[in-house]
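# Structure for the following, please:
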Amino acid sequence: MTALTAQLVDFTCAPPPVAGDDALGEAATAAIVDSIGVVLAGAGSEVSDALHRYVGTVAPAAAQEPSDWTGFQAGLAPDLTALVTGTLGHALDFDDALPGAGHPSVILLSAATSLPVGQLPGSLLLDAFAVGFEVNARVAKAVGHKHYLHGWHTTATVCCFGAAAAAARVLRLSPVQVARTYGIVASLAAGLQRNFGTFTKPLHSGFAARAGVMAALMAEAGMTADESILDGDRGFLAVYAQGAQQGDAVADLGRRWSLVQPGTTQKKYPCALETYRAVDGLLELQARHGIAAADIAGISAVLPPGTLGPLRYPRPRDEMQAKFSMPYALAAAALDGTLSNSSFTPAAIARPEAARLMTCVQLREDVANRPEDPSGRNSSASFGGFVDVAVTTAAGIVSTRVHHPAGSPQRPLSAADRTAKFLDCAAFGGRDADVASDVLPQLSRLSEVPDVHDILNRLTPTHVLDHCAQEGSPRS
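Predicted coordinates:
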């Protein structure tokens, strides 16, 4: 082993970090609770319907089994469980994000909770999550932002390393096994932004979780792999970084935790993060000046370079495309006063007034809007620089500038916001409101939980259980 791989292996096998660090434990708990919520919500998506049909095809015997907390059958193979959980968690594009490092938290949760280890103490989940999150962040920094600009989806290509680390931590693998886990998962790293706006985009999250679980279990079983996979000629960085490798990726490893600094962004809206600052600016102007949607004659946004790359659908035709459409996000926000799961239903997308407002939107990228990185080569377009938003009405033009998106560490969701999001997600996924309200305080004290599975299984949707018992089918 050499350089980066060796340092990450040593880090992955180091003593537990969370027990003596209150800030790290609190950040990990908040991210895990948010991730559980968005997995619950994913059960209410069309992605879930397709996934149920797939699982029924590849694991037909499981159709006779009762469901677990995901709404899918208990007892699925660990890698299939990770695929299901990870996909559900990204189905609505409502899971958290780390600048330049994808959407790690749901993937880490999915990997850690899918392993066949019996009881999973909350303290072990927190430990595996924190370590996996850090490995994810460091590999992302090492590979550099050019990787994403080239068309790779970091959530798929990098977060699989975080999932592998979390799985290795839960399984308590040896250093050699951890090195081999990374070697195996590197050959499973794939995912293209071209699939944004389709069901395959959330599948990327499921693929990454499954890859991490598969790699760790295979290494545990004795499968070999290159033990310095991140380094050297034809290693992961040489192939994936497009020549933009960052040599200082682990300079402060173990001294700074990415969960705490910079911290993760817990999403306020169920859509692409690239839309957030423009939406925030529009809502601010509407509130400040009392502007109704019907009064709007024009909406303009000047954006940092690279913002529009993932936003591929100026006139979306369905829910998934709408989540990657700046014109629709602005139109729906103007109409709804926010963006919620109900903003992305077929009926909402088909609103005539939404169609009118989309024609009023003008978008432009400008290097001046990211003065610290004008070329957009070294930072995420969701966070770097600022967004200028202007709204035109019969009374004139008003404008504002937004530096940080809602939910970011600079503008975090309040405790009330986080609670409301969890309960809304549970309701959207068909969970009982009283059960969700009862479980949430227990999850918030995760370090005290003897077995996380016991709490999660309280969130099993009873209507799916009844359906399975009556018809022997995973889903109607």
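# low pLDDT regions in the protein?
1-2, 63-64, 463-476 (pLDDT under 70).
# can you rerun that using 50?
For the chain, residues meeting the criterion pLDDT under 50 lie at 1, 464-476.
# how near is the residue positioned nearest the centre of it to F72?
In the chain, the centroid-proximal residue (Cα atoms, centre = their mean) is H103; its distance is 3.1 Å. Per Cβ to Cβ, to the nearest Å, H103 is found 20 Å from F72. No exception for glycine: its C-beta is placed from N, CA and C like everyone else's.
# what about the residue nearest to the centre of the chain, distance to F94?
From H103 to F94 the distance is 10 Å (Cβ to Cβ).
# same deal with A215?
Going from A215 to F94 by Cβ to Cβ gives 27 Å.
# Pull the distance from stretch 111-120 to the chain's centre.
20 Å (Cα atoms, centre = their mean, to the nearest Å).
# Keeping just the C-alphas, turn that stretch into CSV.
The C-alpha coordinates for stretch 111-120 follow below in CSV (Å, rounded to 0.1, in the frame of the first residue of the first chain):
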residue,chain,number,x,y,z
ALA,A,111,-24.6,0.1,3.7
ALA,A,112,-24.3,0.0,7.5
THR,A,113,-27.8,-1.2,8.1
SER,A,114,-27.8,-3.9,5.4
LEU,A,115,-25.1,-6.1,6.8
PRO,A,116,-25.8,-9.5,8.4
VAL,A,117,-24.3,-8.7,11.8
GLY,A,118,-27.3,-9.3,14.1
GLN,A,119,-27.7,-6.4,16.5
LEU,A,120,-26.5,-2.9,15.3
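# For burial, what's the neighbour tally of A350?
Residues within reach of A350, counting by other Cβ atoms under 10 Å, total 10.
# Ramachandran coordinates for it?
Per-residue torsions, A350: phi -80, psi 0 (degrees, to the nearest 10).
# picking up where we left off before, contacting residues around the residue nearest to the centre of the chain?
90, 95-97, 155, 159, 205 (Cβ atoms under 8 Å, 6 or more residues apart in numbering).
# Who wins on neighbours among the residues you listed?
C159 (37 neighbours).
# Hmm, it is touching S205, no?
Yes: assessed by Cβ atoms under 8 Å, C159 is found in contact with S205 at 7.4 Å.
# who touches both of those two?
103, 107.
# mind checking how far the residue nearest to the centre of the chain is from F11?
Distance from H103 to F11, by Cβ to Cβ: 22 Å.
# Please narrow the contacts of H103 to those residing in helices.
The members of the contacts of H103 that map onto helices under DSSP state H are 90, 155, 159, 205.
# Can you say which two of those residues are spatially most distant?
The most widely separated members of the ones in helices among the contacts of H103 are H90 and C159, with 10.1 Å between them, by Cβ to Cβ.
# Which residues are in contact with each of the two?
103, 205.
# neighbours around the nearest residue to G235 once chain neighbours are set aside, how many?
Closest residue to G235 apart from its sequence neighbours, by Cβ to Cβ, 6 or more residues apart in numbering: I229 at 5.8 Å. By other Cβ under 10 Å, the residues close to I229 number 24.
# How about L217?
22.
# what's the distance between it and R180?
Separation of L217 from R180 (Cβ to Cβ) stands at 11 Å.
# Would you agree H153 is in contact with A189?
No: applying Cβ under 8 Å as the test, H153 and A189 come out as separate, 10.3 Å apart.
# When these two are compared, which one has more neighbours?
Neighbour totals were compared for H153 and A189, and H153 leads with 26 against 21 (other Cβ under 10 Å).
# Now do the contacts for that one.
When contacts are counted by Cβ under 8 Å, 6+ apart, H153 touches 102, 191-193, 195-196, 201, 204.
# which of those lies closest to A334?
F196 (23.3 Å).
# any idea how far R312 is from the closest one?
In terms of Cβ to Cβ, F196 sits 6 Å off from R312.
# Identify the contacts common to the two.
Counting by Cβ under 8 Å, 6+ apart, the residues touching both F196 and R312 are F324.
# Neighbour count for those two, which is higher?
F196 (21 against 15).
# What separation do you get for that one and S228?
33 Å.
# Quickly find the element holding G183.
Using DSSP states H and E, G183 falls within helix 175-186.
# got it, and R401?
R401 is part of strand 396-402, with elements assigned from DSSP H and E.
# Equivalent analysis for Q362, please.
strand 361-365.
# chain center to that strand: distance?
Mean-position distance between strand 361-365 and its chain equals 26 Å (Cα atoms, centre = their mean).
# Thanks a lot, catch you later.
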